[in-house]
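S.K.: No letters, just coordinates:
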């Protein structure tokens, strides 16, 4: 294994020399210099020195999760809510491996994350020592970069590089693995005040040329059915204002991915809202029938495209992306452009104003899309019992759409995207690329730490929520006012939906309660587990809602609470998320009813 960092700094850099201190204190000082104010960290033998150093910091709040994965998702939520790198820390061996899913999650969704781990003494590396794992090697496929710090004097430089790598270009996770002897080494650190020259990594943002952008504008002018398809890259680049101006200048209809929720006002007349497997009919059909598809900051995920050879078959595809490895990876791009998307959108708007622009007549195309929006909205039927859709819709109305929403993974995740309408970026925080159950509540804790001024609510399902239920204790002890709307249907709802649609309703271990005595709105005594009693054990307030007439009052009670609160709504397991593009089908074959 190559344990040396592959990044070599420029030796001629500016900075300042600090007094002699332990490597652990050097790390903390370097974190402070990067503006870190919070770290989510669980201690252990190989990281105790780091925790001792954190006790001496007056600038960094250390939050103790109840499991390392919870801490990693808290850091993820913090990063998504702010745009800055979230920081988590664990000890070696099992502590570090518990972070692997969090790191993979951040990698898939392009989230800046710094994962710091303790490592055994260097003399024991590779010898199967107690709680030793090759965390450097283990995480290489799921990080933007990994460091194993073998020389204590490299710590300040590595921290500075790590934050730049995590936050610049296409964001992503960076691992810093620190052996215990490096933590204990005493030396006079040199803290660089400027970023070193990182070999193999361009510091400047790539920018599209004017010739490329003028050609894009010419193609738009000649198009009849163009669509602007946007994604999480717009949020990462803080480019939602540039997107709005460009869209309005060109008149293009706009749709986006779940990662892009909040980049474009869903009430804007040009909005098709989000598209994909469970997205709007209008968004899916518009892309499917487009003759020009401008993809900006998105990657043509399979949940977006459906069957690739049936995806936007008549469209000329322009793909803007800061990461050229995404070009032609999933869908052939006729015109790939590597660029910072904020620059490209702003510059195209400038070119329109400077040079003039033959705006295409899209009235017929927009009328068609408006017809689809009118004929095929998100919809559900109100029956005898409260449905998940109804609960989310009520939350949206009572909170006035002003909350930050996190989610677990499953049906509730899709309903949270369908019925809570997002008008600002960084207000929908969900595990989308990796689809990690257990993500929602710890992410809400991290987001609330980052944004104490905002109401933060985890919309979760019982199957997902229980995977990291222990983080209720973190919220209670740390006084973090993160709420949870728990939609409890006693089943793994999304898998049940697939069983109903494609497996003749055969239940392949998807029932979470006693299968002989299924709980629910008609059988309250059989509800299992009892989340109200569970919350009592954590000292967290909770309330269960079964009757429709209690729903609005329960939501108000949750929102008015000045402490962690769980509102459990018992819902039927028979509801399906619609629309739905079946796997292997195209958007034109999506199920609407």
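M.R.: Done, it's in. As the structure is a computational prediction, the values presented were derived from the model and not from experiment.

S.K.: surely residue 562 meets residue 481?
M.R.: Yes - the pair residue 562 / residue 481 is scored as a contact, 6.3 Å apart, by Cβ atoms under 8 Å. Yep, even glycine has a C-beta here, placed from its N, CA and C like the rest.

S.K.: Those two: which has the busier surroundings?
M.R.: Neighbour count, other Cβ atoms under 10 Å: between residue 562 and residue 481, residue 481 has more, with 16 against 7.

S.K.: For that one, which three-state class applies?
M.R.: With DSSP: H, G, I helix; E, B strand; the rest coil as the basis, residue 481 sits in coil.

S.K.: Please tell me how far residue 570 sits from residue 397.
M.R.: 20 Å (Cβ to Cβ, to the nearest Å).

S.K.: between the two, who's got more neighbours?
M.R.: Between residue 570 and residue 397, counted using other Cβ under 10 Å, the more crowded position is residue 570 (23 against 13).

S.K.: what are the ranges of the strands in the stretch 351-500 of the chain?
M.R.: 404-407, 428-429, 456-461, 483-488 (DSSP state E, counting those that start in this stretch).

S.K.: To residue 106, which of the ones you listed lies closest?
M.R.: strand 428-429 (12.1 Å; Cβ to Cβ).

S.K.: Against which helices or strands is the closest one packed?
M.R.: The helices and strands touching strand 428-429, judged by 3 or more Cβ pairs under 8 Å, 6 or more residues apart in numbering; DSSP states H and E, are helix 68-82, strand 404-407, helix 440-450.

S.K.: and the ones you listed, which is most packed in?
M.R.: Most buried of those by mean neighbour count (mean count of other Cβ atoms under 10 Å) is helix 440-450; its value is a mean of 32.

S.K.: Report the mean per-residue pLDDT for that one.
M.R.: The average pLDDT within helix 440-450 is 98.

S.K.: And for stretch 166-176?
M.R.: For stretch 166-176, the mean pLDDT works out to 96.

S.K.: start to end distance for it?
M.R.: 12 Å (Cα to Cα, to the nearest Å).

S.K.: what sits up against that stretch?
M.R.: Stretch 166-176 is contacted from outside by 84-85, 103, 106-107, 110-117, 135-136, 139, 142-147, 149, 158-159, 162-163, 165, 203, 205, 233, 236, 322-323, using Cβ atoms under 8 Å, 6 or more residues apart in numbering.

S.K.: can you map out the helices along the stretch 51-200 of the chain?
M.R.: 68-82, 94-97, 100-109, 135-139, 155-167, 180-184 (DSSP state H, counting those that start in this stretch).

S.K.: list the buried ones in stretch 505-522?
M.R.: Neighbour-count burial for stretch 505-522 flags 510, 512, 513, 518, 519, 520, 521 (criterion: 16 or more other Cβ atoms under 10 Å).

S.K.: What of stretch 178-197?
M.R.: Those would be 178-183, 185, 189-192, 195-196, for stretch 178-197 by 16+ other Cβ under 10 Å.

S.K.: Go through the residues you listed and say which is closest to residue 371.
M.R.: Looking across the buried residues of stretch 178-197 and measuring by Cβ to Cβ, the closest to residue 371 is residue 195, at 52.1 Å.

S.K.: Residue 112 versus that closest one, what's the distance?
M.R.: From residue 195 to residue 112 the distance is 15 Å (Cβ to Cβ).

S.K.: What of residue 303?
M.R.: Separation of residue 303 from residue 112 (Cβ to Cβ): 23 Å.

S.K.: more neighbours, these two?
M.R.: Counted by other Cβ under 10 Å, residue 303 and residue 112 do not tie: residue 112 has more neighbours, with 28 against 17.

S.K.: was I right about the more buried one contacting residue 88?
M.R.: No - at 12.0 Å, residue 112 does not count as touching residue 88 under the criterion of Cβ under 8 Å.

S.K.: Which members of the buried residues of stretch 505-522 occur in strands, if any?
M.R.: In this view, the buried residues of stretch 505-522 have no member that belongs to strands under DSSP state E.

S.K.: Closest to residue 582 out of the residues you listed?
M.R.: Among the buried residues of stretch 505-522, and counting by Cβ to Cβ, the member closest to residue 582 is residue 510, at 18.6 Å.
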